[in-house]
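*Asks:* Predicted model and sequence below, questions to follow.
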Amino acid sequence: MTGSTPGREKKITVMKFGGATLATPELMKGVARRIVDVRNTGQDVVVVVSAPGDMTDNLIAKAQAIAEFPDEREMDMLLATGEQQSIALMAIALKSLNCDAISFTGPQVGIVTDDAHCKARIVKMGSDKILKALRLGKVVIVAGFQGETEEEEITTLGRGGSDLTAVALAADLTAVVCEFYKDVDGVYTADPRVVPTASRLLNISYDEMLEMASLGAKVLYNRSVEFAKKSGVVLHVRSAVRPEPGTLIMEEVEQMEGVMVSAVTHTKQEAKLTILWVPDKPGIAATIFGRLADEDLNIDVIVQDISEEGTTNISFTIRQKDLQRAKKIVETLVKEIGAKGYQADEKIGKVSVVGVGMRSHSGVAAAMFKALSERGINIVMISTSEIKISCIVEENRVEEAVQAIHEKFKLSNLTS
């Protein structure tokens, strides 16, 4: 990344503000002052905003009060209006400070997506309109979370999609950095609400942040981190109200591997399904998980018991919000494959350790399991990758598990 678009002298910074930082007019005025401060350093500024406050959740609730499963095309039409309010209000706030600004929707700046409503993927970007406005001395404000198909149908990018909009624009504009302004001042070794002594990380690798985002950390949307890694966009998570630097998310550097574990993450939004007495023969697993994939259901941890008398039990975890859909599919599968039934458990959660240093340090799993054992916390399921270990535990023990693991790895003393 060069930090500036070819033919331009000024560097471009992309600033992304989440809904919590835009919840009230006073907060919006504060954000506007922050934007002006950055622009006064001589940089061109492109701002990406989310819907203000809890507006997206409120719109979803209204739709679901009318229909349990609202039409996805119409949901996109509805939800895209939240960000449109934010861009107009932010432009008004900036102009009140004598800072010339212009607001654009995602479709207006040429964000083209596929046709997967409510979870669309970006297929093409356009920056001509943004660059023209920057040359005229304006701050450009873009609605996050939204785009349109080639057929000009409005689409949204899924929850957290405004993060993805910001990274995609930063990549297309070769911005020097994509800054995320939050109600937290960086990425921590654990959720500070659960572990008050958690440490703020100075920097973290794309791979670590991607795992953390996928495992329950709500700081950044996982698809935005993946996009940043592919495009080489440096991310900076920082406070919306304090001027100090936050956490840089970037390419892995050698010193990162010196830390065995970088963070502990958790989520309580998990559920487990177990299909009982499944015939143990080739093709059964493919049938089960193929059918779930066809319904766009993401499976996480999978465990198959030892076969006994020609049958086995297959357990897997899924997002809690997808449980009812998954149960309907499993009910049909039980009959089709000749299983004896199924069980569902919503009272589970997941706690994970993440760190690129796990590649070069042994004993991480043993230390994690010992920390849980010492607190009498039972492990229901285990999943691993090169830089993470996840344990499924009882939901009411999740926070205690996080605290025990954080203490075991002495993460309160971590500086990186």
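*Replies:* Happy to help now that I have it.

*Asks:* Please point out which parts of the longest helix seen in the chain sit buried.
*Replies:* Ranked by number of residues, the top helix in the chain under DSSP state H is helix 72-96. With burial defined by 16 or more other Cβ atoms under 10 Å, the residues of helix 72-96 counted as buried are 75-76, 78-80, 82-84, 86-87, 89-91, 93-94. Just so you know, the C-beta spots here come from the backbone N, C-alpha and C atoms, and that holds for glycine as well.

*Asks:* Ok, stretch 123-130 next?
*Replies:* Met125, Ser127, Ile130.

*Asks:* Same list (those residues) but as CSV, adding secondary structure and distance to Lys218.
*Replies:* Output for the buried residues of stretch 123-130, formatted as CSV (DSSP: H, G, I helix; E, B strand; the rest coil; distance: Cβ to Cβ, whole Å):
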residue, secondary structure, distance to Lys218
Met125, coil, 26
Ser127, coil, 29
Ile130, helix, 28
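
*Asks:* mind checking how far the most far-flung residue of the chain relative to its centre is from Thr274?
*Replies:* Distance to the chain centre peaks in the chain at Glu309, reaching 43.1 Å (criterion: Cα atoms, centre = their mean). For Glu309, the distance to Thr274 (Cβ to Cβ, to the nearest Å) stands at 17 Å.

*Asks:* Equivalent analysis for Ala143, please.
*Replies:* Distance from Ala143 to Thr274, by Cβ to Cβ: 43 Å.

*Asks:* related to what we said a few turns ago, which member of the buried residues of helix 72-96 is positioned nearest Met368?
*Replies:* Nearest to Met368 among the buried residues of helix 72-96: Leu79, at 38.7 Å, using Cβ to Cβ.

*Asks:* What ranges does the stretch 51-200 of the chain have for its helices?
*Replies:* 55-66, 72-96, 128-135, 161-172 (DSSP state H, counting those that start in this stretch).

*Asks:* Using a markdown table, lay out these together with mean pLDDT and distance to Gly338.
*Replies:* Formatted as a markdown table, the helices of the stretch 51-200 of the chain follow (pLDDT from 0 to 100; distance: least, Cβ to Cβ, whole Å):
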| stretch | mean pLDDT | distance to Gly338 |
| --- | --- | --- |
| helix 55-66 | 96 | 36 |
| helix 72-96 | 97 | 34 |
| helix 128-135 | 96 | 58 |
| helix 161-172 | 96 | 41 |
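
*Asks:* how about those, which one is nearest Asn396?
*Replies:* helix 55-66 (25.1 Å).

*Asks:* The closest one to helix 72-96, inter-axis angle?
*Replies:* For helix 55-66 against helix 72-96, the angle by axes from the mean of the first three to the mean of the last three Cα atoms, to 10 degrees is 150 degrees.

*Asks:* got the domain boundaries for the protein?
*Replies:* Residue ranges for the domains of the chain, per automatic domain parsing: 12-183, 264-409.

*Asks:* Can you tell me which of those domains is most buried?
*Replies:* domain 12-183 (a mean of 20; mean count of other Cβ atoms under 10 Å).

*Asks:* Kindly check the end-to-end length of that domain for me.
*Replies:* One end of domain 12-183 sits 23 Å from the other (Cα to Cα, to the nearest Å).

*Asks:* How far away from the center of its chain is that domain?
*Replies:* 16 Å (Cα atoms, centre = their mean, to the nearest Å).

*Asks:* Packing partners of the helix or strand hosting Thr265?
*Replies:* Assigned by DSSP states H and E, Thr265 belongs to strand 263-279. Under the contact definition 3 or more Cβ pairs under 8 Å, 6 or more residues apart in numbering; DSSP states H and E, strand 263-279 sits against helix 206-214, helix 284-294, strand 311-319, helix 323-337, strand 341-354, helix 398-408.

*Asks:* 7 Å - rerun?
*Replies:* strand 311-319, helix 323-337, strand 341-354, helix 398-408 (3 or more Cβ pairs under 7 Å, 6 or more residues apart in numbering; DSSP states H and E).

*Asks:* The third one pairs with which strands, parallel or anti?
*Replies:* It stands for strand 341-354. strand 263-279 (antiparallel), strand 388-394 (antiparallel) (DSSP bridges).

*Asks:* need those strands in JSON lines with mean pLDDT and distance to Ser199, can you?
*Replies:* As requested, the strands paired with strand 341-354 are exported to JSON lines (pLDDT from 0 to 100; distance: least, Cβ to Cβ, whole Å):
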{"stretch": "strand 263-279", "mean pLDDT": "95", "distance to Ser199": "9"}
{"stretch": "strand 388-394", "mean pLDDT": "96", "distance to Ser199": "19"}
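
*Asks:* ok now do Phe180, which residues does it touch?
*Replies:* Lys16, Asp163, Leu220, Leu235, His236, Val237 (Cβ atoms under 7 Å, 6 or more residues apart in numbering).

*Asks:* try it again with 10 Å
*Replies:* 14-18, 48, 162-163, 166-167, 186, 219-221, 224, 235-238, 240, 246-247, 249 (Cβ atoms under 10 Å, 6 or more residues apart in numbering).

*Asks:* and what of Arg238?
*Replies:* Applying Cβ under 10 Å, 6+ apart, the residues near Arg238 are 15, 179-182, 184-186, 244-248.

*Asks:* Can you tell me which of the residues you listed is closest to Lys29?
*Replies:* Tyr181 (14.3 Å).

*Asks:* Ile35 is in contact with that closest one, correct?
*Replies:* Yes - in this structure, Tyr181 is within contact of Ile35 by Cβ atoms under 10 Å, at 9.5 Å.

*Asks:* shared neighbours, these two?
*Replies:* Joint contacts of Tyr181 and Ile35 (Cβ under 10 Å, 6+ apart) are Met15, Phe17, Val47.

*Asks:* Of the residues you listed, just say which sits nearest to Phe289.
*Replies:* Using Cβ to Cβ, these come closest to Phe289 at Phe17, 38.9 Å.

*Asks:* Report the separation between that closest one and Lys182.
*Replies:* In terms of Cβ to Cβ, Phe17 sits 9 Å off from Lys182.

*Asks:* same deal with Gly357?
*Replies:* 26 Å.

*Asks:* check contacts around Ala401.
*Replies:* Contacts of Ala401 by Cβ under 10 Å, 6+ apart are 194, 264, 266, 349-351, 368, 371-372, 375, 377, 379, 391, 393-394.

*Asks:* Select, from the residues you listed, the two members most distant in space.
*Replies:* Largest pairwise distance in the contacts of Ala401, by Cβ to Cβ, is 18.8 Å, between Val194 and Ile379.
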